[in-house]
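Chemist: Please work out how this folds:
(one chain, ligands or ions: 2)
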Amino acid sequence: MTATSRGAFIVIEGLDRSGKSTQAAILQSRLQGPEQSTTKAVLIKFPDRTTTIGKMIDAYLRSQSEFDDHAIHLLFSANRWELASTIYAHLAAGTTVIADRYAFSGIAFSARKGLSYDWCRAPDIGLPAPDLTLFLNVEPGVARTRGGYGEERYETEDVQRSVRVVFERIGEEMKTDGQGQWVEIDASREKDLVARNIWRVVEPLSRGVASSLRKLW
Ligand code: T5A
Ligand code: NA
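Modeler: Ligands and ions are numbered 1, 2, ... in the order given. Take a look at the predicted model:
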């Protein structure tokens with residue numbers, strides 16, 4: 001990291017069971033390296049189920065409570081705002097921040113229910129924008145065969161297919177509006193190969209970023 005640079009903000013997105021958490025952990029340990037005395041990379045997961053809002057989201061996802069579609073959407077967004085200052089602080093300290101899901105999941109999962117796309121985007125306006133978003137692309141049929149699938153709300157092939165359509169729209173818009181990089185990764189491949197393909201894209205950002213952080217959108 002040079003004196004004027006900050007940490008990179010990297011988001012990992014994808015359908016359920018595409019391997020986001022697996023790859024986020026591999027990436028964090030690669031960025032952190034063997035030296036544990038300084039923090040080089042932190043991992044933040046959305047939803048963060050540990051906060052008060054996160055606990056409400058967790059109960060909803062496990063079908064233990066119900067919310068109006070708009071209300072749960074706003075809670076997911078509020079859960080990101082709770083952590084925005086933490087993200088800023090890490091980046092300013094030169095630490096790379098990896099987010100396991102972010103605002104894009106928020107839009108994709110709510111817009112597929114029929115909520116307006118623009119309405120879904122609105123509460124996340126002003127959040128720190130990622131420098132790079134890795135979209136782990138996997139056929140819903142492949143994801144279904146992976147561990148734990150079907151335990152939570154949204155984990156059906158129908159839902160996942162309609163979520164994917166919204167993710168594709170977001171990806172197209174991100175590619176054309178210059179809002180950071182959106183890179184698709186074939187996540188149906190074997191873990192180590194996926195990790196290598198991710199590292200190829202992340203490596204140039206691993207020594208810090210000179211440009212100032214943008215905001216969504
Ligand atoms: N949501 C989220 C919203 O509606 N709005 C929002 O704003 C946000 C942020 C919970 C739900 O919330 C929704 C989206 C979700 O439906 P979550 O907590 O991220 O989101 O969900 P999790 O259940 O934790 O995570 P996922 O189901 O998305 O799984 P991952 O992280 O993609 O996959 P991972 O790494 O846990 O792997 C799953 C399984 O596959 C294996 C793993 O070992 C594991 O068993 N696996 C592989 N198998 C074969 N080949 C590979 N390459 C593999 N990689 C991993
Ligand atoms: Na899930």
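Chemist: Distance of the residue most central in space within the chain relative to Gly148?
Modeler: Nearest to the geometric centre of the chain sits Arg101, at 2.1 Å (CA atoms, centre = their mean). Remark: distance between Arg101 and Gly148 (CB to CB, to the nearest Å) = 16 Å. For every residue, glycine as well, the C-beta is placed using N, CA and C.
Chemist: before we move on, what about Gly33?
Modeler: Per CB to CB, Gly33 is found 30 Å from Gly148.
Chemist: Dump the lowest-mean-pLDDT helix or strand in the chain to PDB, keeping only the CA atoms.
Modeler: Here the helix or strand of the chain ranked lowest by mean pLDDT, DSSP states H and E is helix 140-143, holding a mean of 87. Output in PDB follows, covering the C-alpha atoms of helix 140-143 (Å, rounded to 0.1, in the frame of the first residue of the first chain):
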ATOM      1  CA  PRO A 140     -29.700 -23.100 -10.200                       C
ATOM      2  CA  GLY A 141     -29.900 -26.800 -11.000                       C
ATOM      3  CA  VAL A 142     -26.200 -27.200  -9.900                       C
ATOM      4  CA  ALA A 143     -26.700 -25.100  -6.700                       C
END
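Chemist: Next SSE downstream of it?
Modeler: Per DSSP states H and E, helix 140-143 leads on to helix 157-176 as the next helix or strand towards the C-terminus.
Chemist: so what does the helix or strand that that following helix is followed by touch, helix or strand wise?
Modeler: Per DSSP H and E, the first helix or strand lying C-terminal to helix 157-176 is strand 181-186. With contacts defined as 3 or more CB pairs under 8 Å, 6 or more residues apart in numbering; DSSP states H and E, strand 181-186 has these neighbours: strand 132-137, helix 157-176, helix 191-202.
Chemist: on that earlier part again, wait, the residue nearest to the centre of the chain sits on Ile12?
Modeler: Yes: shown here, Arg101 and Ile12 form a contact pair, counting by CB atoms under 8 Å, at 7.2 Å.
Chemist: Show me the common contact partners of the two, please.
Modeler: Common neighbours of Arg101 and Ile12, counting by CB atoms under 8 Å, 6 or more residues apart in numbering, are Lys20.
Chemist: give the contact list for the residue nearest to the centre of the chain.
Modeler: Counting by CB under 8 Å, 6+ apart, the residues that Arg101 touches are 11-13, 20, 45-47.
Chemist: Closest to Ile198 out of those?
Modeler: Ile12 (8.2 Å; CB to CB).
Chemist: in which helix or strand would I find that closest one?
Modeler: With elements delineated by DSSP H and E, Ile12 resides in strand 9-14, which encompasses its position.
Chemist: could you give the angle of that strand to helix 191-202?
Modeler: Orientation check (axes from the mean of the first three to the mean of the last three CA atoms, to 10 degrees): strand 9-14 against helix 191-202 gives 140 degrees.
Chemist: tell me what strand 9-14 is packed against?
Modeler: Counting contacts by 3+ CB pairs under 8 Å, 6+ apart, strand 9-14 is packed against helix 20-32, strand 96-100, helix 103-111, strand 132-137.
Chemist: ok, the last one: who's next to it in the sheet?
Modeler: To tie it back to what came earlier, the one meant is strand 132-137. Using DSSP bridges, the strands paired with strand 132-137 are strand 9-14 (parallel), strand 181-186 (parallel).
Chemist: Then the second one?
Modeler: For strand 96-100, the paired strands and their directions (DSSP bridges) read strand 9-14 (parallel), strand 41-45 (parallel).
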